[in-house]
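A.B. asks: Provided below are the primary sequence and the corresponding predicted coordinates.
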Amino acid sequence: MTVLHAIEKARIAMHEITPAPIDCIKSCTRAANETWSATVEVVESPARMGDNDLLSAYEIVLDAQGELTEFQRVGRYHREAGAGI
């Protein structure tokens with residue numbers, strides 16, 4: 001599986017985990033055992049005014065076929081504060 005294919009699979013998996021819109025894929029890397037790890041930011045709550053959305057970062061793991069095997073929320077923060085991960 002290519003990195004672009006893994007990113008697409010990560011997007012699909014996130015839509016199954018949460019209805020929150022994806023803000024970005026921060027990273028996507030392949031491990032030696034052919035699994036993929038991706039960090040995905042979603043907009044938990046859009047700001048009413050300004051650019052201070054409440055974001056959450058999720059770390060997800062896909063197997064070699066692109067199936068979701070693990071996920072964990074690793075951070076929650078306002079956009080202006082930046083990620084702590």
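C.D. replies: Received it, and whenever you're ready, just let me know what you need. Numbering: from 1, shown residues only.
A.B. asks: now do the contacts for the spatially closest residue to residue 3 that is not a sequence neighbour.
C.D. replies: Take residue 3 and drop its neighbours on the chain: the residue closest to it by CB to CB, 6 or more residues apart in numbering is residue 28, 5.7 Å away. The way it works is simple: take the backbone N, C-alpha and C, and place the C-beta from them, glycine included. Residues in contact with residue 28 (CB atoms under 8 Å, 6 or more residues apart in numbering) are 3, 6, 7, 10, 36, 37, 38, 39.
A.B. asks: quick check, residue 28 in a helix?
C.D. replies: No: per DSSP: H, G, I helix; E, B strand; the rest coil, residue 28 lies outside any helix segment and is strand.
A.B. asks: next one: the residue of the chain most remote from its centre, what pLDDT does it get?
C.D. replies: Going by CA atoms, centre = their mean, the residue of the chain most distant from its centre is residue 49, 24.4 Å out. Residue 49 carries a pLDDT value of 78.
A.B. asks: now the one 4 residues further on
C.D. replies: pLDDT for residue 53: 89.
A.B. asks: hmm, it is touching residue 79, no?
C.D. replies: Yes: Residue 53 is in contact with residue 79 according to CB atoms under 8 Å; the separation is 4.8 Å.
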